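S.K.: let's see this in three dimensions:
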Amino acid sequence: MKKSFVICIKNEEYEASLEAKKVYEQIPDQLSEEQGLIRVIDESGEDYLYPTEFFAPITIPEAAQTIFAPPIS
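M.R.: I've put the predicted structure just below:
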């Protein structure tokens, strides 16, 4: 399965959980996306929901994806 990535463009009120200009792995969550939220693995290492406008989608070459989201063992 191809992974999706986003870059944080805003982190007001979430400075401890999100770093501006940092790339995060997006976790598919159709229901949350319909409500204007995005699920990402944040600085805690866990996945949480944040406002969609805090992120912009980006494309990372497949060969570089393991740098941003190591494979799950």
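S.K.: Ala56 belongs to a strand?
M.R.: Yes: counting by DSSP: H, G, I helix; E, B strand; the rest coil, Ala56 is part of a strand.
S.K.: okay but it is in contact with Val6, surely?
M.R.: Yes: assessed by C-beta atoms under 8 Å, Ala56 is found in contact with Val6 at 6.3 Å. C-beta coordinates here come from the backbone N, C-alpha and C atoms, glycine included.
S.K.: report how many residues lie close to Tyr14.
M.R.: 17 (other C-beta atoms under 10 Å).
S.K.: next one: it from Gln30, what distance?
M.R.: Using C-beta to C-beta, to the nearest Å, Tyr14 is found at 23 Å from Gln30.
S.K.: Ile67 sits in which helix or strand?
M.R.: According to DSSP states H and E, Ile67 maps onto helix 65-68.
S.K.: next, the buried residues of the lowest-mean-pLDDT helix or strand in the chain.
M.R.: Ranking every helix and strand in the chain by mean pLDDT, DSSP states H and E puts helix 65-68 at the bottom, with a mean of 76. Buried residues in helix 65-68, counted by 16 or more other C-beta atoms under 10 Å: Gln65.
S.K.: what lies in contact with that helix?
M.R.: Lys3, Phe5, Val23, Glu25, Ile60 (C-beta atoms under 8 Å, 6 or more residues apart in numbering).
S.K.: residue ranges with poor pLDDT in this protein?
M.R.: The model of the chain has pLDDT under 70 over residues 1, 69-73.
S.K.: rerun at 80
M.R.: The chain contains residues with pLDDT under 80 at 1-2, 62, 65-73.
S.K.: mind listing the helices for it?
M.R.: For the chain, the helices defined by DSSP state H occupy 30-34, 65-68.
S.K.: Asp42: which of the ones you listed is closest?
M.R.: helix 65-68 (13.4 Å; C-beta to C-beta).
S.K.: ok now the closest one, how far from the chain's centre?
M.R.: Offset of helix 65-68 from its chain centre (C-alpha atoms, centre = their mean, to the nearest Å): 13 Å.
S.K.: and if you look at stretch 28-45?
M.R.: 7 Å.
S.K.: got it, and stretch 18-28?
M.R.: The answer for stretch 18-28 is 3 Å, by C-alpha atoms, centre = their mean.
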